[in-house]
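In: Model the following, please.
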Amino acid sequence: MKPVRILTVALIILAMASTASAFDGYRKGFVLGGGLGIGPVAKTSVDGFSGSYDKSGLAMNFLIGYAWDEQNMIVFLRDGILYSETWEVSFGGVLYFRDKINIIQGFSGVGYYHYFGPVGKSFFITAGLGAQDWTALDEDYDSNDYGAAILFGGGYEFARHVQVYGSVWFGSTSDNFYDYNHSQLMFTVSAVAF
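Out: Next comes the predicted model:
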């Protein structure tokens, strides 16, 4: 996806330009972080059909960007939930096919963080605009085409460089036949270097 690649390159160049003030312990300049946790909801529904399926799995997040002061930063943000799904084909009680695939359902885009207090003791909120993906990690299966997504989140930085983070995002994807709607909820413990 070209817009995500262009944004990534732009943020890397911006980050390289600000490395003089990077990793000095102040939330200003270059920032880099990531975390792991749980994604209790990775929901998918198909346009025109009733019902949906819900999965849960391992949650991951990654961010890289720039903080222009102690309270505000703009980043490239990647949030995702990794889960397994079993696909079956049966007819008349006879199982003809069963396969287990690994999927990442996620958000990639521009995120804005705002911290309300001092470093190490602060609530924060985040919002983002970007792309929704539904990516099959097994080569035998096609991934869906990207669609638009919006993200909201927040958390608490309880120690310098360590925070609890949660996000919810909504987006869409498509394949050759259907359009899909996705919603996700995840929580991670993240480390952010600045």
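
In: neighbours of Y53, just the number please.
Out: 10 (other Cβ atoms under 10 Å). In this view, the C-beta of every residue, glycine as well, is placed from N, C-alpha and C.

In: show me the contacts for it.
Out: Y53 is in contact with K43, T44, S45, counting by Cβ atoms under 8 Å, 6 or more residues apart in numbering.

In: Which secondary structure elements does the strand or helix carrying A127 sit against?
Out: A127 is part of strand 122-136 when elements are defined by DSSP states H and E. Where contact means 3 or more Cβ pairs under 8 Å, 6 or more residues apart in numbering; DSSP states H and E, strand 122-136 is packed against helix 2-17, strand 72-91, strand 94-115, strand 147-159, strand 162-174, strand 179-193.

In: mind putting the ones you listed in JSON lines, distance to M60 included?
Out: Below are these laid out as JSON lines (distance: least, Cβ to Cβ, whole Å):
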{"stretch": "helix 2-17", "distance to M60": "16"}
{"stretch": "strand 72-91", "distance to M60": "5"}
{"stretch": "strand 94-115", "distance to M60": "8"}
{"stretch": "strand 147-159", "distance to M60": "14"}
{"stretch": "strand 162-174", "distance to M60": "11"}
{"stretch": "strand 179-193", "distance to M60": "7"}
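
In: need the least confident one among the ones you listed, by mean pLDDT.
Out: For the helices and strands packed on strand 122-136, mean pLDDT drops lowest on helix 2-17, to a mean of 59.
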